[in-house]
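Trainee: Provided below for reference: sequence and predicted model.
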Amino acid sequence: MYTQSMDVPSDEVSASPALSDAEASATFDARCARGEFIEAKDWMPAPYRQTLVRQISQHAHSEIVGMLPEGNWLTRAPSLKRKTILLAKVQDEGGHGLYLYAAAETLGTSRDDLIAALHSGRAKYSSIFNYPTPTWADIGVIGWLVDGAAIMNQVPLCRCSYGPYARAMIRICREESFHQRQGFDLLHTLMQGTAAQQAMVQDAVNRWWWPVLMMFGPPDQDSPHAETSVKWGIKRISNDDLRQKFVDAIVEQAAVLGVTLPDPGLKWNAARGAHDFSPIDWTEFWQVVNGHGPCNRERLAARVAAYDEGAWVREAALAYADKQAARQAAAVTPATERRSPP
Ligand code: FAQ
């Protein structure tokens, strides 16, 4: 339904008949190494296609599930201005999901299949969206830290080897920059407020800091996809290197805001030219990824309910499209053919 899929299952896509599979793979790897973009109709090895479908669809699911924690505050934003900004941001996330589903569909998979994988729990989405948003400061922290981490990870994806994904990421990154700034602005305003508002910000930062560092994925030595994704130019910077860049950028921003990052081990290491930080609790990360975080069930149930309750919209849109197509077909059929026989 609504698919832009080109129906090209990987086993039916063959390399040029003149090339053996090994030669085709070598040519493909050389194209990636030269930094060329791979386009939807180009030959690609099946594992490259599978990796992209996996990553792009997980990314799309993250955007759509990511609407839920913030959506929780749409009716309770403290002013008209903040409500308008939040509405725009949540709508942007929905749009990002749509660009990304469309990019995944160019690889020959249908949106129905992608959504079914999310709803059945087969497909992952970002661990970060399984944490709750009990206070208004959580909305600021999502913008500042979650969107901040998302941008750090996604700017290199604008140069990812797969053209449709890379192009989608350009617009997404522009919008994420606005999201990050609105979060910082929201927190900055609260930090000029009462002691209770400042405490609310600090509490939210304390709760989100470690889960945000986990967003970048497992340490490089435990990242099974790292090697091939780097070889094929899908990943330009490793999980650990992005995490480090993020920590280094955020330390200064936290000082401007006047909040403390909840890690006694966080300190500048002059020899490395980077901040050291304490070990991350990867047990918590895997628990959340495997469905046992604070809000996993609630998030998935909300998505499934939204899909089921929206079935009538999809049916109506399809019926309307069929009607339009029938009208158009009738309009192009010559009048003589339409006349019934005597
Ligand atoms: N959560 O070998 P790697 C956003 C899984 S969008 C859950 O390192 P890879 C916007 C990984 O899938 C946020 N699972 O994997 C927004 C794999 O499992 P699999 C999402 C995770 O792919 C803001 C396994 O662990 N961004 O925030 C996570 O090379 C505010 C092994 O890991 C993207 O999706 C995790 N955090 O690297 C919206 C960006 N990390 O598939 C609303 C695109 C890892 O074998 C509000 N994705 N796993 O079953 C990527 O850059 C990569 O996929 C990584 C993971 C870096 C996330």
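Mentor: Looks like it came in fine.
Trainee: tell me, how many neighbours does the residue of the stretch 51-200 of the chain at minimum distance from the ligand end up with?
Mentor: Per C-beta to the nearest ligand atom, G66 is where the stretch 51-200 of the chain lies closest to the ligand, at 2.7 Å. For glycine as for every other residue, the C-beta is placed from the backbone atoms N, C-alpha and C. Residues lying near G66 (other C-beta atoms under 10 Å) number 24.
Trainee: repeat that for A255.
Mentor: Neighbour tally, A255, other C-beta under 10 Å: 11.
Trainee: phi and psi next, for it.
Mentor: Backbone torsions for A255, taken as degrees, to the nearest 10, come to phi -60, psi -40.
Trainee: which bits of the stretch 1-150 of the chain sit near the ligand?
Mentor: Applying C-beta under 6 Å from any ligand atom, we find that the stretch 1-150 of the chain lies next to the ligand at 54-55, 58-59, 62-63, 66, 93, 124, 126-127, 142, 146-147, 150.
Trainee: show me where this protein has strands.
Mentor: Using DSSP state E, the strands of the chain run over residues 267-269, 274-276.
Trainee: the first one: how far from the chain's middle?
Mentor: The gap between where strand 267-269 is centred and where its chain is centred comes out at 31 Å by C-alpha atoms, centre = their mean, to the nearest Å.
Trainee: flag the shaky bits of the stretch 201-342 of the chain, pLDDT-wise.
Mentor: 334-342 (pLDDT under 70).
Trainee: now the residue nearest the centre of the chain: closest residue in space, sequence neighbours ignored.
Mentor: By C-alpha atoms, centre = their mean, the chain has its centre lying nearest to H59, at 3.2 Å. Beyond its immediate neighbours in the sequence, the residue positioned closest to H59 (C-beta to C-beta, 6 or more residues apart in numbering) is L100, lying 5.3 Å away.
Trainee: which residues sit against stretch 25-36?
Mentor: By C-beta atoms under 8 Å, 6 or more residues apart in numbering, the surrounding residues in contact with stretch 25-36 are L19, I38, W43, M44, P45, Y48, R159, S161, K231, W232, G233.
Trainee: so the fourth one sits against Q50, correct?
Mentor: I take that to be M44. No - counting by C-beta atoms under 8 Å, M44 does not reach Q50; the two are 10.0 Å apart.
Trainee: neighbour count winner among those two?
Mentor: Between M44 and Q50, M44 has the larger neighbour count (other C-beta under 10 Å), namely 25 against 13.
Trainee: with adjacent residues omitted, what lies nearest to the more buried one?
Mentor: Nearest-residue entry for M44: I38, 5.9 Å, with adjacent residues in sequence omitted and distances by C-beta to C-beta, 6+ apart.
Trainee: residues contacting that neighbour?
Mentor: Taking C-beta under 8 Å, 6+ apart, we find I38 in contact with F28, R31, C32, M44, Y48, S161, Y162, G163.
Trainee: now a PyMOL select for only the buried ones of the residues you listed.
Mentor: Buried residues among the contacts of I38 (16 or more other C-beta atoms under 10 Å), as a PyMOL selection:
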select buried, resi 28+31+32+44+48+161+162+163
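Trainee: coming back round to it: which among the strands of the chain is found nearest to L213?
Mentor: strand 274-276 (11.7 Å; C-beta to C-beta).
Trainee: buried stuff in the closest one?
Mentor: Of the residues in strand 274-276, those with enough neighbours to count as buried (16+ other C-beta under 10 Å) are H275.
Trainee: for it, packing partners?
Mentor: Contact analysis of strand 274-276 by 3 or more C-beta pairs under 8 Å, 6 or more residues apart in numbering; DSSP states H and E lists helix 239-257, strand 267-269 as its packing neighbours.
Trainee: tally up the residues packed near K41, please.
Mentor: Neighbours of K41 (other C-beta under 10 Å): 10.
Trainee: next one: it from G108, what distance?
Mentor: 10 Å (C-beta to C-beta, to the nearest Å).
Trainee: show me the contacts for the closest residue to I151 other than its chain neighbours.
Mentor: Using C-beta to C-beta, 6+ apart and skipping the chain neighbours, the partner closest in space to I151 is E176 (4.8 Å). The neighbours of E176, taking C-beta under 8 Å, 6+ apart as the test, are D147, A150, I151, Q154.
Trainee: mind putting the residues you listed in JSON lines, pLDDT and neighbour count included?
Mentor: What follows is these, written out as JSON lines (pLDDT from 0 to 100; neighbours: other C-beta atoms under 10 Å):
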{"residue": "D147", "pLDDT": "98", "neighbour count": "25"}
{"residue": "A150", "pLDDT": "97", "neighbour count": "25"}
{"residue": "I151", "pLDDT": "96", "neighbour count": "19"}
{"residue": "Q154", "pLDDT": "96", "neighbour count": "20"}
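Trainee: in TSV, list these along with distance to L87.
Mentor: Listed next are the contacts of E176 as TSV, based on distance: C-beta to C-beta, whole Å:
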residue	distance to L87
D147	16
A150	19
I151	21
Q154	22
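Trainee: near the ligand, which residues of the stretch 151-300 of the chain?
Mentor: Proximity of the stretch 151-300 of the chain to the ligand, by C-beta under 6 Å from any ligand atom, involves residues 153, 214-218, 223-226, 229, 235, 239, 289.
Trainee: try 8 Å this time
Mentor: 153-154, 157, 176, 179, 214-218, 222-226, 229, 234-235, 239, 242, 285, 288-289 (C-beta under 8 Å from any ligand atom).
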